[in-house]
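In: Here is my input, please return the structure:
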Amino acid sequence: MNERSILKERVRIAPEAEEALAGGRAVVALESTIISHGMPYPENVESARTCERIIRDEGAVPATVAIIGGIIRVGLGEEELEHMGRDSGIRKVSRRDLPMTLAKGLDGATTVATTMIGASLAGVHVFATGGIGGVHRGASQTFDVSADLTELARTPVAVVCAGAKSILDIGLTLEVLETYGVPVVGYRTDAFPAFYVRDSGFRVDVRAEDLREIARALRLKWSLGLEGGMVVANPIPEEDEMNPALIARGIDEAVETATARGVRGKEITPFILAYLHKATGGSSLHANKQLVYNNARVAAQLAVAYAEEAGE
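Out: Residues are numbered from 1 along each chain as shown. Predicted coordinates for the structure are as follows:
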C-alpha cells in the first residue's frame, strides 16, 4: 500500500470541512484531549459544542480532531463528540503514540501535537486550543519536555492559545521555541500569557494588533519554505483572569502532590487541572472554558483572514 492510499484510508475529513477546504474557505482545527482529559462530563461536550458554534458564528468551519477506530478524524459529528467526552477509557495520544494507535484500530484523544499533525494532513492551517505544552519544572533532572514544542518546529499550523500552561517553566519553554525558530506573536499584547493569567512575566517576540497582519506573516513564512508553525498568544479575557497569587499557590500545591504520588509524563496536566478545579471551587474550570472560547473566536477570525489572504 502506497503513501497516498494510506493517507486516504487513515485520514477522514468531515464533509463540511472538506467542502470548505476545497472552496478555499476558513477552517479551524480543535483538539480532543481537552474533551476527554481536560474537563468533566458533560461540561466537556457542552464546551466542545460551544467552541464549534463560536467558530461558525465567525464565518469559519470547525474541525475537531480525534482518532476513532484507528482513523484520524478531522471534524466530528454529535455522536463522536459525545463519545469522546463520555468514554473514560479513551487514551491521550501524542506523536509517539500515533502509529500504534492507528495500527491497533484504537480510539484516541489528540494532544496539541497530534491535532497539528491531523490538521496539517487535511490542509488546515489554524488551530485553537487552551494552552500549549512546554518545558516542565525540574526538566533538567526529568527531561520532561512536551512534544508540542517539536511539533511547532516542524508542522505548518498556527496555534492560537492562552500562552503556555501555568504548570510549566515558561522561561525555558520560550527559550526552546526560540531555538526551534517558532515565532511567538502576541495578539494585542506584549506579555506572554500563562493560561489562567494574562501576564506570565515574560514577553512575546512581537506584538500584532491586526489578525490580517498575522495571516500575511503565515503566508510569507510558508511561501518561503520556512518549516513549522506559529504561536499566537491570546490572553484570557480580563474579566475571567484568575488571581495570580491564588493560582500560583494552587499550582505549587498540585505539583507537589503530583510528585508525591508519582504522577508524571502525560498524566501530569489532567491531574493538575482536576486538582485545581477542586481547590478553587470550580473557578479554574470556568476560567479554562472562557479562555478556550476566546481562542476559538480569535482563531476563526484568523482563519478567515488567512483564507482571504490566500485568495488575493
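
In: CA only for contacts and neighbour counts going forward, please
Out: OK.

In: Report the distance from the longest helix along the chain to the chain centre.
Out: Ordering each helix of the chain by length in residues (DSSP state H) puts helix 283-311 first. Per Cα atoms, centre = their mean, to the nearest Å, the displacement of helix 283-311 from the mean C-alpha position of its chain is 11 Å.

In: Packing partners of it?
Out: In terms of contacts (3 or more Cα pairs under 8 Å, 6 or more residues apart in numbering; DSSP states H and E), helix 283-311 is packed against strand 27-30, helix 43-57, strand 126-128, strand 158-161, helix 211-223, helix 268-279.

In: nearest to Pro244, of those?
Out: Minimum separation from Pro244 across the helices and strands packed on helix 283-311 (Cα to Cα) falls at helix 268-279, 13.3 Å.

In: What average pLDDT does that closest one get?
Out: If you average the pLDDT over helix 268-279, you get 78.

In: Buried ones in it, by neighbour count?
Out: Using 16 or more other Cα atoms under 10 Å as the test for burial, helix 268-279 gives 268-277, 279.

In: now do stretch 88-101
Out: Residues of stretch 88-101 classed as buried: 90-95, 98, 101 (neighbour count, 16+ other Cα under 10 Å).

In: The residues you listed in strands, which ones?
Out: If you go by DSSP state E, the buried residues of stretch 88-101 have 91-93 in strands.

In: follow-up on the earlier one: tell me the buried residues in the longest helix of the chain?
Out: Going by neighbour count (16+ other Cα under 10 Å), the buried part of helix 283-311 is 284-285, 287-308.

In: Check stretch 242-262 too.
Out: Buried-residue list, stretch 242-262, by 16+ other Cα under 10 Å: 242, 247-248, 250-251, 253-255, 258.

In: Dump the residues you listed into TSV; add secondary structure as well.
Out: TSV is the format used below for the buried residues of stretch 242-262 (DSSP: H, G, I helix; E, B strand; the rest coil):
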residue	secondary structure
Met242	coil
Ile247	helix
Ala248	helix
Gly250	helix
Ile251	helix
Glu253	helix
Ala254	helix
Val255	helix
Ala258	helix
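
In: And for Lys221, nearest residue in space, chain neighbours not counted?
Out: Leaving aside its sequence neighbours, Lys221 sits nearest to Glu227 (Cα to Cα, 6 or more residues apart in numbering; 7.9 Å).

In: which stretches of the stretch 151-300 of the chain have low pLDDT?
Out: Within the stretch 151-300 of the chain, the stretches with pLDDT under 70 are 265-266.

In: Show me what counts as buried in stretch 100-111.
Out: For stretch 100-111, the neighbour count (16+ other Cα under 10 Å) marks 101-102, 106-111 as buried.

In: Tell me what angle the longest helix of the chain forms with helix 43-57.
Out: On the basis of axes from the mean of the first three to the mean of the last three Cα atoms, to 10 degrees, helix 283-311 is oriented at 30 degrees to helix 43-57.

In: what angle sits between helix 283-311 and helix 268-279?
Out: 130 degrees.

In: Would you mind getting the angle between helix 283-311 and helix 211-223?
Out: 70 degrees.

In: neighbouring contacts of stretch 206-223?
Out: Here stretch 206-223 makes contact (Cα atoms under 8 Å, 6 or more residues apart in numbering) with 156, 158, 184-190, 227, 230, 301-303, 305-306, 309-310.

In: ok, back up a step: now render the helices and strands packed on helix 283-311 as TSV, adding distance to Ala194.
Out: Shown next, in TSV, are the helices and strands packed on helix 283-311 (distance: least, Cα to Cα, whole Å):
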stretch	distance to Ala194
strand 27-30	20
helix 43-57	21
strand 126-128	16
strand 158-161	10
helix 211-223	21
helix 268-279	14
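
In: And these: which comes nearest Gly171?
Out: strand 158-161 (16.6 Å).

In: Mind listing residues that contact that closest one?
Out: 125-132, 218, 229-235, 292, 295-296, 298-299.

In: Send over that strand as CSV, restricted to the C-alpha atoms.
Out: The C-alpha coordinates for strand 158-161 follow below in CSV (Å, rounded to 0.1, in the frame of the first residue of the first chain):
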residue,chain,number,x,y,z
ALA,A,158,-0.7,28.4,13.6
VAL,A,159,-1.7,27.6,17.2
VAL,A,160,-4.0,30.2,18.9
CYS,A,161,-3.6,29.7,22.6
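
In: Tell me which strands it pairs with, and in which orientation.
Out: Strand 158-161 pairs in its sheet with strand 126-128 (parallel), strand 230-233 (parallel), by DSSP bridges.

In: Pop out the phi and psi values for the residue most central in space within the chain.
Out: Central residue of the chain (Cα atoms, centre = their mean): Thr129, 3.1 Å from the mean position. Backbone torsions for Thr129, taken as degrees, to the nearest 10, come to phi -140, psi -180.
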